[in-house]
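Engineer: Quick one: sequence plus predicted model below, questions after.
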Amino acid sequence: MIEPLTASVTVGAPRERAFELFTEEMGTWWPREFSWSQDKLEAIGIEPHADGFAYERGPRGFTLHWGRVKAWDPPARFVFTWQIAADRTPQPDPERSSEVEVRFHEEDGATRVAVEHRDWERHGDGAREYRDGFERAGAWPYALERFAAAA
């Protein structure tokens, strides 16, 4: 088993607002450099229900699904598949995709948002390098910094 990556941030917003910002307003904070469309990104988001898509939309309606919602429990948590292969191509098979769980914990009027990115071994050959590359780049901490700035 390849150990999960974890990251968290505390924001001065109620749990309901933090959940809404993370899921419904992802385009206001998600790093464009983490998308296929880069500076031409028009929208990125997560459909707010179990079996919904994690998607991005680029120029002229170009749409890519990069995950699928496995659990939807607002405002406490949601889980989605990470259907992006190590070479940054879409991975249509959810059985060959890692999983991300995002939890929202109330803490004295603020909210701690905790991410666990797990099941890296599902990516197959190169999974360890893929996971370690995420860690070296500080991908989740960077995304959460952007989230915190938007909150």
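Structural biologist: Looks like it came in fine.

Engineer: Please count neighbours and contacts with C-alpha atoms only from this point.
Structural biologist: OK.

Engineer: Strands along the chain, start to end?
Structural biologist: 5-11, 43-46, 53-57, 63-73, 77-82, 98-107, 110-118 (DSSP state E).

Engineer: Distance-wise, check P48 relative to T6.
Structural biologist: 23 Å (CA to CA, to the nearest Å).

Engineer: one step back: reformat the strands of the chain as CSV; add distance to A150.
Structural biologist: Written out in CSV, the entries for the strands of the chain read as follows (distance: least, CA to CA, whole Å):
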stretch, distance to A150
strand 5-11, 9
strand 43-46, 15
strand 53-57, 19
strand 63-73, 22
strand 77-82, 19
strand 98-107, 16
strand 110-118, 13
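
Engineer: most distant residue from the middle of this structure?
Structural biologist: D108 (25.2 Å; CA atoms, centre = their mean).

Engineer: Can you name the residues that contact it?
Structural biologist: For D108, the contact set (CA atoms under 8 Å, 6 or more residues apart in numbering) is empty.

Engineer: Now do the contacts for the closest residue to L41 other than its chain neighbours.
Structural biologist: Spatial nearest neighbour of L41, excluding adjacent residues (CA to CA, 6 or more residues apart in numbering): G58 at 4.6 Å. By CA under 8 Å, 6+ apart, the contact list for G58 reads S37, K40, L41, E42, A43.

Engineer: try 10 Å this time
Structural biologist: S35, W36, S37, Q38, D39, K40, L41, E42, A43, I44, L64 (CA atoms under 10 Å, 6 or more residues apart in numbering).

Engineer: Pull the number of nearby residues for the fifth one.
Structural biologist: When neighbours are defined as other CA atoms under 10 Å, D39 has 12 of them.

Engineer: quick one: pLDDT of the residue lying closest to it once chain neighbours are set aside?
Structural biologist: With CA to CA, 6+ apart as the criterion, D39 has its nearest non-adjacent residue at 6.3 Å, and that residue is R32. We have a pLDDT of 94 for R32.

Engineer: distance of R32 from R96?
Structural biologist: From R32 to R96 the distance is 24 Å (CA to CA).
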